[in-house]
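Asks: Sequence first, then the predicted structure, then my questions.
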Amino acid sequence: MEIIYSKLNPKKILHIVHRANEFYNIEQGHRKDIVDAKEFIQLSALKMKKGQTFKPHQHIWKDGEKKLLLRNHG
């Protein structure tokens with residue numbers, strides 16, 4: 001994993017880069033959280049068999065997401 005920070009605000013993460021080989025160790029049927037749940041956008045990887053699906057689910061909106069959506073589309 002490579003984390004790229006802003007040069008103007010060194011505490012602000014701009015990019016998180018993951019290489020394919022970082023995901024080879026995920027066990028079948030297990031999930032690996034890539035980005036911490038406290039971050040604005042989360043990311044997880046899930047290793048599944050070909051053709052396998054998962055149950056429908058909903059994503060929980062956070063206050064910041066609603067404000068961003070309204071600012072960009074409102």
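Replies: Noted; the coordinates are in hand. Numbers count the residues shown, from 1 in each chain.
Asks: you'd agree His15 is up against Ile3?
Replies: Yes - in terms of CB atoms under 8 Å, His15 counts as a neighbour of Ile3; the distance is 7.5 Å. Any C-beta I mention is one placed from the backbone N, CA and C, and that applies to glycine too.
Asks: pLDDT wise, what is the most centrally placed residue in the chain at?
Replies: In the chain, the C-alpha nearest the mean C-alpha coordinate belongs to Leu43, at 1.7 Å (CA atoms, centre = their mean). pLDDT for Leu43: 80.
Asks: cool, the one 5 residues further on as well?
Replies: We have a pLDDT of 83 for Met48.
Asks: Counting neighbours, which bits of stretch 46-53 end up buried?
Replies: Buried positions in stretch 46-53, judged by neighbour count with 16 or more other CB atoms under 10 Å: none.
Asks: what's the first-to-last distance across it?
Replies: Counting by CA to CA, to the nearest Å, you get 11 Å between the two ends of stretch 46-53.
Asks: same check, this time on stretch 51-58
Replies: Length of stretch 51-58, first residue to last, CA to CA: 21 Å.
Asks: Quick one: residues in contact with it.
Replies: Leu46, Met48 (CB atoms under 8 Å, 6 or more residues apart in numbering).
Asks: so how far is that stretch from its chain's centroid?
Replies: 17 Å (CA atoms, centre = their mean, to the nearest Å).
Asks: Same check on stretch 10-21?
Replies: 11 Å.
Asks: go on, stretch 43-51?
Replies: For stretch 43-51, the distance to the chain centre is 14 Å (CA atoms, centre = their mean).
Asks: how far does it stretch from start to finish?
Replies: 21 Å.
Asks: what do you get for stretch 18-30?
Replies: 18 Å.
Asks: From what I see, the residue nearest to the centre of the chain and Asp36 are in contact.
Replies: No - contact criterion CB under 8 Å: Leu43 and Asp36 do not qualify, at 9.8 Å.
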